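> Return atomic coordinates for the entry below.
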Amino acid sequence: MIQEISIPVHGQGLYPINDQVRPVVAASDSSEGLCTLFIRHTSASLLIQENYDDSARVDLENWLNRLVPENDPLYTHTLEGADDMPAHIKSALTATQVSIPFQRGELMLGTWQGVYLWEHRHHAGSRTVVVHL
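The predicted structure follows:
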């Protein structure tokens, strides 16, 4: 089963997507399997991260922005703005897909784990994630 979900974003940051993925898994005819999530963009990524304390996600965002700064004079790909090339680099350093086992209609995540879309651009809009079970 393959389904696309649309995730609204409002700029850089980590957006929890468990609530959008859970219904797809719950509706599956399979009692167990593997849920693979794939983001169809080159300037955003996916990750599994702590879902309890928001400061962990803020720290991740701040660290990656320090590692890959905007307006670096090395960048030649600047047509779409100062955040575009850094967003591509961030996406290359992180993951565009994650796989999570599921059983009895539930993702088998740990107690403090959540699935996140990591938006690397400043603009608002939406991102498409493919869910494959």
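
> The chain: strands as residue ranges?
2-10, 13-16, 32-39, 44-50, 97-103, 106-107, 113-119, 124-132 (DSSP state E).

> Please convert the ones you listed to TSV, extending it with mean neighbour count.
Heads up, the C-betas are built off the backbone N, CA and C, glycines and all. Compiled in TSV, the strands of the chain are given as follows (neighbours: other Cβ atoms under 10 Å):
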stretch	mean neighbour count
strand 2-10	13
strand 13-16	17
strand 32-39	17
strand 44-50	19
strand 97-103	15
strand 106-107	15
strand 113-119	22
strand 124-132	16
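
> which residues does H132 bridge with?
On the basis of DSSP bridges, H132 is bridged to I2, T36.

> Please renumber the chain so that the first residue is 33 from this point on.
Shifting the count to begin at 33 puts that one at H164.

> Look at it and report its pLDDT.
H164 is assigned 98 on the pLDDT scale.

> residues contacting it?
33-34, 67-70 (Cβ atoms under 8 Å, 6 or more residues apart in numbering).

> Check those residues for the minimum pLDDT and say which it is.
Among the contacts of H164, M33 has the weakest pLDDT, 93.
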